[in-house]
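# sharing a model prediction with you, sequence too.
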Amino acid sequence: MYHLLLISGEPHSKSPYKASYCVHAFYCCCLLTQAIILEARQTSQSLQNLKMLLNLVISCLVSFLIFKLVVVVTTLRKDVATAKAASVPVLVRWISPNTVFWLVFGDFIVSTSYRLGLRDWHFQRFYPAWELNERYKIHSELGDAFYCIAPGECRLYLADHDACIDVLKRPNDFGRDVKKMSMLNLYGRHIVTAEGAEWRRFKKAASSAFADINELVWRQTLSQTDDMLASWNKGGLVKTTVVDCKTFALNVLAGSLFSISYPFEEGAKVSSQDLDGEKSSANRYRDSLLTVTRNLFPILVFGGSALRSSFSPKKFQRIGVAVEEFRSYVKELVAKERLKIQQNHSSRQGLIANLTRVCEDQTHGAEENAATQAKFTMTENDIVSNTFMYTLGGTDTSAASLSNAIVHLSAHPSLQDWLAEEIQYYLKSGNPEDWSLDNFAKLKRCRAVLNETLRICHPIGKIFKTTNSAQTLTIKSQTIEVPPNTAIVLNLAGLHTNPEIWGEDAHIWDPTRWIHVESNTEPGIESEILLPDTTRGFLGWGLGQRICPGKRYSQVELVAAIALIFRESRVSFVPDPDETESEARLRMITMAQDMAFRMTHEIRNGDKIQLRWKTVEHDLATL
Ligand code: HEM
């Protein structure tokens, strides 16, 4: 998702060892080498010259490394001094975990080192997702605010509720570093990378388009979950929970964008009730969406046109074609929708249709027929780029949350019964087609499971802001000066497990903590009250100007999925042959909470999770 780029913070000392300097130094080495090779060829004293060449290259490299080391040390010392002057604890890192190299290979390097016996808790802090897995631990050592300083980055980490809210409510002081995220502008700027008037235009369009989508999301989710559950309930071991949840979330999103139902099986045909004549392109779109979301890294690094070039390997060419197919399919749909609007018969649902409709400028031209003069506040390109962003923002986040909730529930059979009690109470019919969206607000225990999962295993884990100029920030009673260009990290994983707010059992996954019963009311499902999702110490979907536009979408989606799954089915883990039940239970919880950085944060060893599903008889008469 977009936070792929959010993860890299900006140094506040303008470091001379940044990329351009390194590239120049490397370039000089190459030129020198080339010159010597030419010289060696001309004089044909090959062996001697080759030796000389080798010596020269080695000394160039060594001098370059020494130069780099000196610059790193000097800059680190400068940043540490600035941080210490603010009387905030400092964590110094000699390797930045946020370079592209580390993001790609960091997981492998650290886990290999563990296997080699080099495990110690400091080393763990080199994992790209280390903050998420430590949760409040790092703050219990260093406090609710600390600086993390590494080569090329200086970050202020916060797990104090009031300070986090203060940052979110001062968007002019603590903005988003959109320049850093420009790589995400594959199809042009969008809601995540735009600023000022342009961002307001995108935000307004998104708010209106999403406001009208919940019914469709509810229906899409129920039909998608029904298919997924049927495949899980076949009786065998399910080893694909994490992948299946991704397919599920992508299909729900594709369905909600275009109002088309995609069957659960990957690559399956579009169902028969689809719009005539659009079957093949709709299928193509879903497949291209799948290709784009699964290959985001090369796409963002090289760009679509470079991937399509005839010099690229075949696999990359296919990815490049998918990038272009996505664009042309969305444009095709927008054009069709616009024509319908101008002819006054637009009735189609879906995010794209909604976006096109809400972007119709109401101030039609005066002359001729007003309907044919309709203008639109967003261009076709704007709709393509924003739709792309919704896809990035809305698939892996939902998928990771659902798979995580399921794995946690597999280790808590009594909580599955607790959930089912509520679901069966409100959803009496066994046919999900009879379930109306009104039930969403009633299903508080299902929402509690979602909130609790985001509290302990948030798929984004942290929200990044930056300071353009020096700012002051109050943490507890201490006011500190934050220098310009400092990355501010609202550490959701830390805040969500802050024991001052959540109690001593803050690190334990327990959805019942979200449900309360007023002391003067009869206990019973209907008198249960759900803590608000904006409760103190919880920022699951952010807050303020940049709050997640897909918040209600994801709540409707995940509550519908949980309701359908746990109404009649139960999931259990499979102990290893040499494991007791309680050891296996502990292993499942540990696996669920061991997150790794992919496009979002998700279960590290998802492919090693084995679950078994069964359907249960239930007796509505007892409810
Ligand atoms: C469980 C699911 C989800 C979680 C936990 C989540 C969380 C978040 C958070 C914390 C932010 C705020 C980032 C910030 O302040 O910088 C955010 C922003 C965003 N989310 Fe979500 N999200 C979820 C689902 C979705 C869905 C389903 C969509 C779209 C279909 C979506 C689209 C976006 C977009 C476009 C933004 C950027 C908004 C802006 O910059 O103005 N998210 N999300």
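Perfect, thanks for sending it. None of these values were measured; they are calculated from a predicted model.

# measure how buried the residue lying closest to residue 613 once chain neighbours are set aside is and give me the count.
In space, residue 613 comes closest to residue 232 once its chain neighbours are excluded; the distance is 4.5 Å by C-beta to C-beta, 6 or more residues apart in numbering. All C-beta spots, glycine's among them, are computed from the backbone N, C-alpha and C. For residue 232, the count of nearby residues is 20 (other C-beta atoms under 10 Å).

# and what of residue 549?
For residue 549, the count of nearby residues is 22 (other C-beta under 10 Å).

# mind listing what it touches?
Contacts for residue 549 were tallied using C-beta atoms under 8 Å, 6 or more residues apart in numbering; they are 191, 203, 206, 207, 210, 390.

# helix/strand/coil for the residue nearest to residue 178 when sequence neighbours are not counted?
Using C-beta to C-beta, 6+ apart and skipping residues adjacent in sequence, the residue nearest residue 178 is residue 193, 4.8 Å away. Look at residue 193: counting by DSSP: H, G, I helix; E, B strand; the rest coil, its state is coil.

# verify the contact between residue 193 and residue 187 for me.
No: in this structure, residue 193 is not within contact of residue 187 by C-beta atoms under 8 Å, at 10.9 Å.

# and the two? Which one has more around it.
Each of residue 193 and residue 187 has its neighbours counted (other C-beta under 10 Å); residue 193 has more, 24 against 20.

# identify each buried residue in stretch 241-261, please.
Judged by neighbour count (16 or more other C-beta atoms under 10 Å), stretch 241-261 contains these buried residues: 241-242, 244-261.

# typo on my end, stretch 560-571
Under the neighbour-count criterion of 16+ other C-beta under 10 Å, stretch 560-571 has 560, 561, 562, 563, 564, 565, 566, 567, 568, 569, 570, 571 buried.

# so the last one bridges to which residues?
Same thing as residue 571. residue 613 (DSSP bridges).

# contacting residues for it?
Contact analysis of residue 571 by C-beta under 8 Å, 6+ apart lists 406, 409, 410, 416, 611, 612, 613.

# and the gap between it and the ligand?
To the ligand, residue 571 is 20 Å away according to C-beta to the nearest ligand atom, to the nearest Å.

# what's the pLDDT at that residue?
We have a pLDDT of 97 for residue 571.

# roughly how far apart are it and residue 244?
12 Å (C-beta to C-beta, to the nearest Å).

# one more: the fourth one?
Relative to residue 244, residue 563 is positioned 18 Å away (C-beta to C-beta).

# would you mark the buried spots in the longest helix seen in the chain?
Selection of the longest helix in the chain by residue count, based on DSSP state H, yields helix 46-85. Along helix 46-85, these residues count as buried under the neighbour rule (16+ other C-beta under 10 Å): 49, 53, 60, 71, 72, 75, 76, 78, 79, 80, 82, 83.

# now secondary structure too, for the buried residues of stretch 560-571, in CSV please.
As requested, the buried residues of stretch 560-571 are exported to CSV (three-state DSSP):
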residue, secondary structure
560, helix
561, helix
562, helix
563, helix
564, helix
565, helix
566, helix
567, helix
568, helix
569, strand
570, strand
571, strand
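
# residues touching residue 233, list them.
Here residue 233 is in contact with 569, 613, 614, 615 (C-beta under 8 Å, 6+ apart).

# distance from stretch 435-454 to the middle of the chain?
Stretch 435-454 has its C-alpha centroid displaced from the chain centroid by 21 Å (C-alpha atoms, centre = their mean, to the nearest Å).

# equivalent analysis for stretch 607-614, please.
Distance, centroid of stretch 607-614 to centroid of chain: 24 Å (C-alpha atoms, centre = their mean).

# out of the buried residues of stretch 560-571, flag the one nearest to the ligand.
Checking the buried residues of stretch 560-571 against the ligand with C-beta to the nearest ligand atom, the nearest one is residue 561 at 11.3 Å.

# need the contact list for the closest one.
Each residue near residue 561 by C-beta under 8 Å, 6+ apart is listed here: 221, 224, 225, 248, 402.

# who in this protein is up against the ligand?
Applying C-beta under 6 Å from any ligand atom, we find that the chain lies next to the ligand at 191-192, 203, 389-390, 393-394, 397-398, 401, 454, 459-460, 463, 540-542, 546, 548-550, 553-554.
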